[in-house]
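Asks: here's my sequence, what's the structure:
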Amino acid sequence: MTRDIRNHLLFEVATEVANRVGGIYSVLKSKAPVTTAQYKNNYHLIGPLNKQTYELEVEKLDWTDDSIFDKYNISEIKTVLTNMHERGVNFVYARWLIEGAPRVILFDLDSVRHYLNDWKGDIWELSGIPSPENDTETNDAILLGYTVAWFLGELAHVDTKQAIIAHFHEWLAGVAIPICRKKRIDVVTIFTTHATLLGRYLCAGNVDFYNNLDKFDCDAEAGKRGIYHRYCIERAAAHSADVFTTVSQITALEAEHLLKRKPDGILPNGLNVVKFQAVHEFQNLHAQKKEKINEFIRGHFCGHFDFDLENTLYFFIAGRYEYRNKGADFFIESLARLNYRLKVSGSKMTVVAFIIMPAKNHSYTVEALRNQAVVKSLENTVKDVSKSIEKRIFNHAMKYPKISDSGVPTELDEILKMGDKVLLKKRIFALKRPDGSLPPVVTHNMVDDANDPILKQIRSVQLFNAPEDRVKIIFHPEFLSANNPILSMDYDEFVRGCHLGVFPSYYEPWGYTPAECTVMGIPSITTNLSGFGAYMEDLIEQDQAKDYGIYIIDRRFKSAEESIEQLVDDMESFVSKTRRQRINQRNRTERLSDLLDWKRMGLEYVKARQLALRRAYPEQFKSLIGEDIGDSDIRFMDGSKKIKVAKPMSVPGSPRDGNSRAGSTAAILMTPGDLGTLQDANSVDDYFNLSLGDDDDNEGGYEDNLG
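Replies: This next block holds a predicted model:
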């Protein structure tokens, strides 16, 4: 069938559409502005209806109103929704209340649950995918998959003019792909795995994962873990899709071995980068947010506040509580070794290391709440006494013409009265810890304190916040919020106030936490086993990433001992920097944020769609662009040459470095402001004429206008 591949429709399908669960929610939400700018109302997201939360996420549209479809030439969508509604399928048609305001279709899975057994039998007949009785997650995946396939099948039948691209995220949304393939529904499919299901389960145990990728018996391993049926869904989606992608090189390697199909390309995750008009503004934000952390530190360490905040650095690790996968074990061990090195060297610097990972807890400890209240009370008292002192000095000065002295009080008792002293002493005595205990390492009452992996390791390495320790540690087992009674900061505020993010992950398909640090101008430590680390390693010249505040630990080719020592070396190197050096490094880190902007990352999604159309409609694609483009993977969709980011101009190069790179003039002269040649697709003119809308020259901000 001949279809219009230029003016095509795009549907993205995921369980986290207008449903905050994990990282895919962030991907879809942050990518929406650039996608809607390109596709306008030809773009929809599809997901399951979460009845508890959807009203906070979306604004309902009256799908029975013809005008909201006819005006955009998408009336066929209304026809399909009407047909499905008449057959008992309930849904919400709405705009997602995020930037870009994309349209969403949220299907109520309960309205089709009576089809479950029939659909289970059908998917077994079609693809040999088993489905146990009581796996609710798989049941919902089947319900969503068949409902989406129903929608796409009817739409492809009703709309015979436009090409339809359906992009599915993760196995939970992937059931529709083999159905569309087996039932020959005329839609173009893309499947993106953000992390393989089996990979997550294997890394949850103590497995040497990456060195044994080619040795795993995938069926047997999935069976042992009771996820064989889910693994079958994921593998069927990967093999049935027209284009199979993943989010990073390291996950592509994993998918090739575990899902038995080499991905056609990489679709890295991006962020919406907001540039400040003045370069120094993000540095001012750092100073403001750091002061808020200082307030918390004064309370947490009250009674033992014997270190100088001007010589204190804030490190942190954050994310899901995956003790080994997220590298919490490496972080704590490296902090103990850093503490030893700083004590031996006689360093005057103090490192306060935060662990922000949600774990089972009852509530904040009484001690944590009391300490913050005591310090706040002291602060208020000092303010009151200060106001009284101001008035006394003013009154004394006003009497100067009538008295013989200079008008300036010379005795402390003249301005600080006995009542003030008594009140201050009460507040100061309240700072003392009644039992002489050390500041706590955890802010909450844990459900299972004795067996918590993080607390067990902290006890093992004996980081107890003793006065002689140069490294202090604070475990906050909840995500941060401005409503937090002891550390009242949202997560992004907290990140801006810190000095270094440390994410030595073992299993991290992408890694939003170090990416968010980069966008905010905060240096971070990552690994070459994380998607973000591998991405930056690929874009920045060898050994230059540190100059940009991106420290990449080798966890792939080194032993655990060697990797930990490298981590300690990098942290010690950071601690030894002067304040001016840290400011300069933050400037260079923030300049890398353009590499992570969706206006750049979104080009990879554009290429994946082009490749899918190329494979589905090769003759039409060839006639439209005037040449034959290879279809082996998305790299064939452009011919540009990638140049790596070189040493920043603010870092003087040694003569040896200069000689070794003498032949690379482009690299030598390149700075983070000249990023136009870094992305593979930047030289493509108008996306091979497949752009949408009237303003094809700009496409909603895809232009390389990085100034």
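
Asks: please identify the helix or strand for Leu45.
Replies: Following DSSP states H and E, one finds Leu45 within strand 43-48.

Asks: show me where pLDDT drops low in this structure?
Replies: For the chain, residues meeting the criterion pLDDT under 70 lie at 1, 275-279, 400-407, 434, 542, 626-707.

Asks: can you list the residue ranges for helices in the stretch 51-200 of the chain?
Replies: Per DSSP state H, counting those that start in this stretch, the stretch 51-200 of the chain carries helices over the ranges 54-57, 67-70, 75-86, 116-127, 136-158, 176-182, 197-204.

Asks: let me have those helices in TSV, extended by mean neighbour count.
Replies: Bear in mind the C-beta positions are built from the backbone N, C-alpha and C, glycine included. As requested, the helices of the stretch 51-200 of the chain are exported to TSV (neighbours: other Cβ atoms under 10 Å):
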stretch	mean neighbour count
helix 54-57	16
helix 67-70	14
helix 75-86	17
helix 116-127	15
helix 136-158	21
helix 176-182	25
helix 197-204	20
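
Asks: chain center to the strand holding Leu45: distance?
Replies: Chain-centre distance of strand 43-48: 21 Å, with Cα atoms, centre = their mean, to the nearest Å.

Asks: now that strand against helix 75-86, angle please.
Replies: Relative orientation of strand 43-48 versus helix 75-86 (axes from the mean of the first three to the mean of the last three Cα atoms, to 10 degrees): 20 degrees.

Asks: ok, residues contacting strand 43-48?
Replies: Here strand 43-48 makes contact (Cβ atoms under 8 Å, 6 or more residues apart in numbering) with 9-19, 28, 32, 35-36, 77, 96, 102-109, 140, 143-144, 148, 151, 173.

Asks: re earlier: who wins for proximity to Asn371 among the helices of the stretch 51-200 of the chain?
Replies: Closest approach to Asn371 among the helices of the stretch 51-200 of the chain (Cβ to Cβ): helix 54-57, 34.5 Å.

Asks: returning to that earlier point: parallel or antiparallel, list what pairs with the strand holding Leu45.
Replies: Sheet pairing here is set by DSSP bridges, and for strand 43-48 it gives strand 4-13 (parallel), strand 103-107 (parallel).

Asks: which of those sits most buried?
Replies: Compared across the strands paired with strand 43-48, strand 103-107 shows the largest average neighbour count, a mean of 24 (mean count of other Cβ atoms under 10 Å).

Asks: can you tell me the closest non-neighbouring residue to Leu143?
Replies: Once flanking residues are discounted, Leu143 sits nearest to Leu109: 4.5 Å by Cβ to Cβ, 6 or more residues apart in numbering.

Asks: how many residues are close by that neighbour?
Replies: The local packing of Leu109 (other Cβ atoms under 10 Å) involves 19 other residues.

Asks: wait, isn't it in contact with Tyr146?
Replies: No: assessed by Cβ atoms under 8 Å, Leu109 is found out of contact with Tyr146, at 10.0 Å.

Asks: can I assume Thr35 sits in a helix?
Replies: Yes: counting by DSSP: H, G, I helix; E, B strand; the rest coil, Thr35 is found in a helix.

Asks: run through the bridge partners of the closest residue to it other than its chain neighbours.
Replies: Nearest non-adjacent residue to Thr35, counting by Cβ to Cβ, 6+ apart: Tyr43, 5.6 Å away. According to DSSP bridges, the residues that bridge with Tyr43 are Leu10.

Asks: residues near Tyr43, how many?
Replies: Tyr43 has 20 nearby residues by other Cβ under 10 Å.

Asks: ok, the nearest residue to Asn41 once chain neighbours are set aside - contacts?
Replies: Once flanking residues are discounted, Asn41 sits nearest to Tyr72: 4.0 Å by Cβ to Cβ, 6+ apart. Tyr72 makes contacts with Lys40, Asn41, Asn42, as judged by Cβ under 8 Å, 6+ apart.

Asks: helix/strand/coil for the first one?
Replies: When the structure is reduced to helix, strand and coil (three-state DSSP), Lys40 reads as helix.

Asks: alpha carbons only: can I get the strand holding Leu45 in PDB?
Replies: These are the backbone C-alpha positions of strand 43-48, laid out as PDB (Å, rounded to 0.1, in the frame of the first residue of the first chain):
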ATOM      1  CA  TYR A  43       2.100  13.000  17.700                       C
ATOM      2  CA  HIS A  44       0.300  11.100  20.400                       C
ATOM      3  CA  LEU A  45       1.500   9.100  23.400                       C
ATOM      4  CA  ILE A  46      -0.400   6.000  24.500                       C
ATOM      5  CA  GLY A  47      -0.300   4.300  27.900                       C
ATOM      6  CA  PRO A  48      -2.500   2.600  30.500                       C
END
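
Asks: so Leu10 makes contact with Ala612?
Replies: No: with contact defined as Cβ under 8 Å, Leu10 and Ala612 do not form a contacting pair (10.4 Å).

Asks: shared neighbours of those two, which are they?
Replies: Taking Cβ under 8 Å, 6+ apart as the criterion, Leu10 and Ala612 both touch Ile165.

Asks: show me how this structure divides into domains.
Replies: 4-266, 280-364+440-595, 367-431 (the TED database).

Asks: could those be laid out in TSV, adding distance to Ala608?
Replies: Supplementary listing: the domains of the chain in TSV, determined by distance: least, Cβ to Cβ, whole Å:
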stretch	distance to Ala608
domain 4-266	5
domain 280-364+440-595	16
domain 367-431	48
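
Asks: could you look up the next helix or strand downstream of the top helix by length along the chain?
Replies: Looking across the chain with DSSP state H, the single longest helix is helix 366-398. Downstream of helix 366-398, the next assigned helix or strand under DSSP H and E is helix 412-415.

Asks: report the contact partners of Ala287.
Replies: Applying Cβ under 8 Å, 6+ apart to Ala287 gives no contacts.

Asks: ok, it to Pro509 distance?
Replies: According to Cβ to Cβ, to the nearest Å, Ala287 stands 34 Å off from Pro509.

Asks: picking that back up, among the strands paired with strand 43-48, which is nearest Leu56?
Replies: Closest of those to Leu56 is strand 103-107, at 12.8 Å (criterion: Cβ to Cβ).

Asks: so what touches that closest one?
Replies: The contact list for strand 103-107 (Cβ under 8 Å, 6+ apart) reads 17-18, 41, 43-50, 54, 58, 61, 81, 89-96, 144, 147-148, 151.

Asks: what about 7 Å?
Replies: 17-18, 41, 44-49, 54, 58, 89, 91-96, 144, 147 (Cβ atoms under 7 Å, 6 or more residues apart in numbering).

Asks: same question, stretch 570-585
Replies: 283, 313, 334, 338, 341-342, 349, 351, 499-500, 523, 525, 549, 551, 650.

Asks: filter those down to the buried ones, ChimeraX style.
Replies: Those of the contacts of stretch 570-585 that count as buried under 16 or more other Cβ atoms under 10 Å are selected in ChimeraX with:
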select :283,313,334,338,341,342,349,351,499,500,523,525,549,551
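
Asks: out of the contacts of stretch 570-585, the closest to Lys456 would be?
Replies: Proximity of the contacts of stretch 570-585 to Lys456 (Cβ to Cβ) peaks at Ser334, which lies at 16.7 Å.

Asks: quick check: the closest one touching Glu565?
Replies: No: using Cβ atoms under 7 Å as the test, Ser334 is too far from Glu565 to be in contact (8.5 Å).
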